[in-house]
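A predicted structure for the sequence below; I have some questions about it.
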Amino acid sequence: MSTPSYKSSTIFIAVREKTAVYRSVDEVPEDLRGRLVEATERPDCATILIADQRGKEEISRALRGETSPVRLRFV
C-alpha cells in the first residue's frame with residue numbers, strides 16, 4: 001500500500017519593504033514573474049522540501065532571521 005502525500009507550493013517574494021506570498025507562479029503579478037523566473041534559473045536557487053511540522057517551524061524561524069539549532073545539509 002502506498003503512503004498518501006500532499007504537495008503544495010509557496011512562493012515568497014520580498015522586494016524592498018514588501019513581502020508577498022503566492023501559491024503558484026501563475027498568481028505572481030506579471031511585473032514580478034519575469035524576475036522570479038530569472039532568479040530561479042540561478043545556480044544558488046533551491047527547492048525546499050518540508051516533510052513535517054518541524055520543517056515548517058524551521059522555515060518560519062529562518063524567514064524571521066532567527067538562528068536555528070538545525071545543521072544545514074547540502075546535497
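That came through, no problem.

And the worst-scoring helix or strand of the chain on mean pLDDT, what's buried?
Here the helix or strand of the chain ranked lowest by mean pLDDT, DSSP states H and E is helix 53-63, holding a mean of 77. Using 16 or more other C-beta atoms under 10 Å as the test for burial, helix 53-63 gives E58. C-betas here are computed from N, CA, C, even on glycine.

got the residue ranges for the helices in this structure?
Ranges of helices in the chain, per DSSP state H, are 30-40, 53-63.

Convert the least confident helix or strand of the chain to CSV, retaining C-alpha atoms only.
Written as CSV, here are the backbone C-alpha positions of helix 53-63 (Å, rounded to 0.1, in the frame of the first residue of the first chain):
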residue,chain,number,x,y,z
GLN,A,53,5.7,20.4,11.2
ARG,A,54,9.2,20.8,12.5
GLY,A,55,10.4,21.7,9.0
LYS,A,56,7.7,24.3,8.7
GLU,A,57,8.8,25.8,12.0
GLU,A,58,12.4,25.9,10.9
ILE,A,59,11.5,27.8,7.7
SER,A,60,9.4,30.3,9.7
ARG,A,61,12.3,30.8,12.0
ALA,A,62,14.7,31.4,9.1
LEU,A,63,12.2,33.9,7.5
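
okay if I get the helices of the chain as JSON lines plus distance to A46?
Output for the helices of the chain, formatted as JSON lines (distance: least, C-beta to C-beta, whole Å):
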{"stretch": "helix 30-40", "distance to A46": "9"}
{"stretch": "helix 53-63", "distance to A46": "12"}
